[in-house]
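Trainee: how would this look folded up:
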Amino acid sequence: MSQYHDIIGSIGVALILLCYFLIQIGKISAENIWYSVLNLIGASMILFSLYYEFNFASVLIEGFWVLISIIGIVRFMMRRLKQL
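Mentor: Modelled structure (predicted):
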């Protein structure tokens with residue numbers, strides 16, 4: 001039986017894969033706020049699961065995924081503020 005942290009991490013993986021799939025089929029753009037938000041949530045969920053089963057390489061990539069997603073969100077907000 002899966003531990004709850006494995007389930008949370010798996011949902012995070014599904015969110016990141018969903019974002020990538022939606023980009024590939026042209027349903028969303030990387031400029032869309034939801035792309036960065038879903039990636040941030042997904043990577044954070046994976047990091048949560050890695051707290052229980054540490055893997056340095058995975059923590060490293062997901063940590064950068066979180067940082068890059070935050071950059072995307074900040075850039076989106078800055079563009080919005082300029083439009084006001």
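
Trainee: Next, the buried residues of the longest helix seen in the chain.
Mentor: Identified as the longest helix of the chain according to DSSP state H is helix 56-83. Within helix 56-83, the residues scored as buried using 16 or more other C-beta atoms under 10 Å are Glu62, Trp65, Val66, Ser69, Gly72, Ile73, Phe76. (C-beta placed from N, C-alpha, C; glycine too.)

Trainee: Identify, from those residues, the entry nearest to Ile46.
Mentor: Glu62 (4.8 Å; C-beta to C-beta).

Trainee: quick one: the closest one from Tyr51, how far?
Mentor: Glu62 sits 11 Å away from Tyr51, going by C-beta to C-beta, to the nearest Å.

Trainee: Relative to the whole chain's centre, how far out is the helix or strand encompassing Tyr51?
Mentor: Using DSSP states H and E, Tyr51 sits within helix 33-52. Chain-centre distance of helix 33-52: 4 Å, with C-alpha atoms, centre = their mean, to the nearest Å.

Trainee: Which residues does it contact?
Mentor: Contacting residues not belonging to helix 33-52 are listed as 3, 5-6, 8-16, 18-19, 22-23, 28-29, 58-59, 62-63, 65-66, 68-70, 72-73, 76 [C-beta atoms under 8 Å, 6 or more residues apart in numbering].

Trainee: now the protein, which segments are flagged as low pLDDT?
Mentor: Scanning the chain with the threshold set as pLDDT under 70 gives 1.

Trainee: give me that answer again for 80
Mentor: For the chain, applying pLDDT under 80 flags the ranges 1-2.

Trainee: At the geometric centre of it, which residue sits there?
Mentor: Asn39 (1.8 Å; C-alpha atoms, centre = their mean).

Trainee: Now do the same contact list for the nearest residue to that one once chain neighbours are set aside.
Mentor: Take Asn39 and drop its neighbours on the chain: the residue closest to it by C-beta to C-beta, 6 or more residues apart in numbering is Ser69, 4.4 Å away. By C-beta under 8 Å, 6+ apart, the contact set of Ser69 is Ser36, Val37, Asn39, Leu40, Ala43.
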